[in-house]
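[1] Can you look at this prediction? I've put the sequence above it.
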Amino acid sequence: MVFRLRLRANAAFVAAGPLLAVVLLYVFAEEVGGGPGGYWVAGTAKAASALMFVAPAVAACAAWEAGRLRRAGVAGGTPVRGGFRIAAASLIPVLAMGLLALLVALVGVRAGMTAAPGWPEPVILAAAVVTLCGWLAVGYALGVWLPPAASVPVALVGGYLWQVYPPALEPLWLRHLTQPARGCCAAAESVAAGGVSGPALAAVALTGTAVAAAVLSRRTPRRGAPGGARSGLVVAAALLVAVAAGVGAVRAVSGLGPDAVVARSADELVCVDAGGATRVCVWAEHAPRLDETAEVVRAAVAGLAPVGVDPPELVTELPGEALAYAPTAGAANDGAPSTGTPDRWTVTVRTTASFTTDDIRTGLAADLTGALLDAGTPATDCPADPVDAAEQGFQAADQLFAWLTVRAGAPPQEARDRFEPQLWTAVGAALEGDDAAQAAWFRATLARAGCAPR
C-alpha cells in the first residue's frame, strides 16, 4: 500500500498559522524579552519555554487526527499496514508543526539577541523534541479513547495546565517535570542536568503510558484483531518503560530548587590585563566589550587607589557565590586568580546598545559598595536606638555609593543630577577635599554604614 501524507486534510495545516502567531507574540513579549543577551543557553531555554503553547497544540491536533481514524472505522476493517504506520501518516504533519513552532521560537529569540557566539544548546533542544513527542502520543491515545468533542479540549486544556500550573505547587521540583530548562538562565548560570533529563524522562513516561492506553483500545487502527499475547507484551513493556522513566524523572529533578540552574563554568570567561596586577574577565558573549570594560576598571582603580581602596587582582562577571576559579589548561582565562578573596571585584556587562559605559561604571561602583559593606568593617558611633542606627547606616551606604561612583570616573555633574540633593550635599562636600581628607571620610562613612543591619 502506498504511504501518503495528506497535509491539507491534516489538523496541523489549520492549526499551524495561529500557533506560530502565538509563539511569535510570546517570544517578543516584553516580559520575556530580556535575559538571553548573547548567551545561547539562556536563549535556547527561552525558546523551549514556548512549549507551554506548542505541546498542548500538538496534543490537540494528534487527538483530532486519532478521532478522524476513529470516525472512519479504520480499526473495524482489515488494514494492510501496521498500527504504527497508520498513526504515522496522520501524526507526522502534527509533529512537523510542533518542530516548526520550536524553530520559529528559536529564530525569534535569535532576532532579539545582539552578539551570539556559538550555537543553540543541543541538549535543551533534544529534551524539547522529546517532550513534543510525548504529548503527540498522549493526544493520539486520548483521540482513540474519546470522541473529538472531548479529546481535543482535554488535550488542549490539560496540556496547557500541565505546563503552567505545577510552578504554583509544592514541592518545587514538580515544575521541572513539565518542560526543559525551566527558569534558566542568567548570564552567570547554566542549566542543571536534572532540568533537562527530568522533563525528557517524564515525556518518555507519558509516551509509554499513552502507547499502553492506545494498544488497549479496540478503536486503535492495527493489523489483525485487537488483544492477544502480542498486545499484552506491548502493553507490559510500555508500562514498564513508563514506570522506570517516571522514577528516573523524579530522581533527576528532586534536588532542584525553583530554577533548573547551576553556576556557570569559569572556563567560559575571557580575560585581559587592565594594567598593574589587575585582570578583567567577562563572559564570552560579552567579549566585544572587554576592552571597554577594562578601560572602565583602569579609570576606577586610578581614582580609588589614592583614597585607600586597594586595586583588585580580579574584576569579573563571575558571581561571588562561586567558590573556586580553576580554569582548565589552555582556556582563554587560564592563569586568572582565584575568587573569594578581598582583592576581587564584580562587574556587569551587557551587549545591548542601551547598556552604556556609564552603566558598566555604575554597576562596578554598586558591586564594590556591597563588597566593602560585606567585608565586616567594625561599626562606630551607632545610635542606641536600632531604628536610628539602621537609618544612619543606610544613609551612609548611599553616600558611599555616590562617592565611589565619582571616584570611579563618573563626572561629578552627572552624579549630582542622578542622586538626591540631600544625599549629594555630604558627598559633594567630601569630594572637594584632597585625597587624604577623602580617605578619612571614606573610612568614617564605611564605619557608619556598618550600623545598618546586614
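    Right, received. Where do you want to start?
[2] okay, CA-based contacts and neighbour counts for the rest of this
    Noted.
[3] is it true that Leu136 lies in a helix?
    Yes. The assignment for Leu136 by DSSP: H, G, I helix; E, B strand; the rest coil puts it in a helix.
[4] counting contacts, what elements does the helix or strand that contains Ala63 pack onto?
    Assessed by DSSP states H and E, Ala63 sits inside helix 51-72. Packed against helix 51-72 by the contact rule (3 or more CA pairs under 8 Å, 6 or more residues apart in numbering; DSSP states H and E) you find helix 11-27, helix 83-111, helix 122-145, helix 148-164.
[5] buried residues in the first one?
    Which is helix 11-27. Applying a neighbour-count criterion of 16 or more other CA atoms under 10 Å, one finds 11-12, 15-16, 19-20, 22-24, 26-27 buried in helix 11-27.
[6] Thr316: which of the helices and strands packed on helix 51-72 is closest?
    helix 83-111 (25.8 Å; CA to CA).
[7] Compute the inter-axis angle for that closest one and helix 51-72.
    150 degrees (axes from the mean of the first three to the mean of the last three CA atoms, to 10 degrees).
[8] Could you pull out the helices in the stretch 201-350 of the chain for me?
    228-253, 290-304 (DSSP state H, counting those that start in this stretch).
[9] can you redo the ones you listed as JSON lines with mean pLDDT?
    Below are those laid out as JSON lines (pLDDT from 0 to 100):
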{"stretch": "helix 228-253", "mean pLDDT": "91"}
{"stretch": "helix 290-304", "mean pLDDT": "94"}
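[10] got JSON lines for those helices, with distance to Ala149 too?
    As requested, the helices of the stretch 201-350 of the chain are exported to JSON lines (distance: least, CA to CA, whole Å):
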{"stretch": "helix 228-253", "distance to Ala149": "27"}
{"stretch": "helix 290-304", "distance to Ala149": "58"}
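[11] deepest of those helices, which one?
    helix 290-304 (a mean of 20; mean count of other CA atoms under 10 Å).
[12] helices or strands up against that helix?
    Looks like helix 290-304 contacts strand 269-273, strand 279-283, helix 357-374, helix 386-407 (3+ CA pairs under 8 Å, 6+ apart).
[13] go with 10 Å
    strand 269-273, strand 279-283, strand 314-316, helix 357-374, helix 386-407, helix 435-449 (3 or more CA pairs under 10 Å, 6 or more residues apart in numbering; DSSP states H and E).
[14] quick one: secondary structure of the residue most central in space within the chain?
    For the chain, the residue nearest the mean C-alpha position is Cys184 (1.8 Å; CA atoms, centre = their mean). Recorded secondary structure, Cys184: coil (three-state DSSP).
[15] which phi and psi does it have?
    Backbone geometry at Cys184, expressed as degrees, to the nearest 10, gives phi -90, psi 140.
[16] surely Leu127 meets Ser197?
    Just to correct that, residue 127 is Ala rather than Leu. Yes. Counting by CA atoms under 10 Å, Ser197 is a contact partner of Ala127 at 7.1 Å.
[17] what do the two both touch?
    180-181, 203 (CA atoms under 10 Å, 6 or more residues apart in numbering).
[18] ok, those vs Gly276, which is closest?
    Closest to Gly276 out of these is Ala181 (40.9 Å), distances taken as CA to CA.
[19] Where does that closest one sit: helix, strand or coil?
    Put simply, Ala181 is coil when judged by three-state DSSP.
[20] Just the element for the closest residue to it other than its chain neighbours, please.
    Spatial nearest neighbour of Ala181, chain neighbours left out: Gly195 (5.0 Å); criterion: CA to CA, 6 or more residues apart in numbering. Assigned by DSSP H and E, Gly195 belongs to helix 194-216.
[21] tell me the angle of that helix relative to helix 228-253?
    Going by the same axes, to 10 degrees, helix 194-216 makes 160 degrees with helix 228-253.
[22] so what does helix 194-216 touch, helix or strand wise?
    Packing contacts for helix 194-216, counted by 3+ CA pairs under 10 Å, 6+ apart, involve helix 122-145, helix 228-253, strand 261-263.
[23] got the angle between it and helix 122-145?
    Using the same axes, to 10 degrees: helix 194-216 against helix 122-145 is 20 degrees.
[24] Let's test this: mean pLDDT of helix 194-216, rounded?
    Helix 194-216 shows a mean pLDDT of 95.
[25] Make residue 1 into 13 and carry on from there
    Fine by me, first position is 13 from now on; the one you just mentioned is helix 206-228.
[26] Return the distance of that helix from the chain's centre.
    Offset of helix 206-228 from its chain centre (CA atoms, centre = their mean, to the nearest Å): 24 Å.
[27] likewise stretch 383-399?
    37 Å.
[28] And it, what's buried?
    So for stretch 383-399, counting by 16+ other CA under 10 Å, buried means 383-385, 391, 394.
[29] Residues contacting it, please?
    321, 332, 354, 356-358, 377, 379-380, 400-405, 409, 412, 455-466.
[30] domains of the chain?
    19-274, 277-360, 388-466 (automatic domain parsing).
[31] Tabulate the ones you listed (CSV), appending distance to Thr368.
    Compiled in CSV, the domains of the chain are given as follows (distance: least, CA to CA, whole Å):
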stretch, distance to Thr368
domain 19-274, 14
domain 277-360, 10
domain 388-466, 12
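[32] between these, which gets the lowest average pLDDT?
    When I compare the domains of the chain, domain 277-360 is least confident, with a mean of 76.
[33] chain center to that one, what's the gap?
    24 Å.
[34] Also stretch 374-393?
    Worked out by CA atoms, centre = their mean, stretch 374-393 lies 29 Å from the chain centre.
[35] what's the answer for stretch 125-137, then?
    Here stretch 125-137 shows a centroid-to-chain-centroid distance of 12 Å under the convention CA atoms, centre = their mean.
[36] and what of stretch 139-155?
    23 Å.
[37] Would you mind extracting the C-alpha trace of that stretch into PDB?
    Once non-C-alpha atoms are left out, stretch 139-155 reads as follows in PDB (Å, rounded to 0.1, in the frame of the first residue of the first chain):
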ATOM      1  CA  ALA A 139      14.700  17.500  25.500                       C
ATOM      2  CA  ALA A 140      12.100  19.800  23.900                       C
ATOM      3  CA  VAL A 141      11.700  17.500  21.000                       C
ATOM      4  CA  VAL A 142      11.300  14.500  23.300                       C
ATOM      5  CA  THR A 143       8.600  16.500  25.200                       C
ATOM      6  CA  LEU A 144       6.800  17.200  21.900                       C
ATOM      7  CA  CYS A 145       6.800  13.500  21.100                       C
ATOM      8  CA  GLY A 146       5.400  12.700  24.500                       C
ATOM      9  CA  TRP A 147       2.500  15.000  24.000                       C
ATOM     10  CA  LEU A 148       1.900  13.700  20.500                       C
ATOM     11  CA  ALA A 149       1.500  10.200  21.900                       C
ATOM     12  CA  VAL A 150      -0.800  11.500  24.700                       C
ATOM     13  CA  GLY A 151      -3.000  13.300  22.200                       C
ATOM     14  CA  TYR A 152      -3.300  10.200  20.000                       C
ATOM     15  CA  ALA A 153      -4.200   8.000  22.900                       C
ATOM     16  CA  LEU A 154      -6.900  10.400  24.000                       C
ATOM     17  CA  GLY A 155      -8.200  10.500  20.500                       C
END
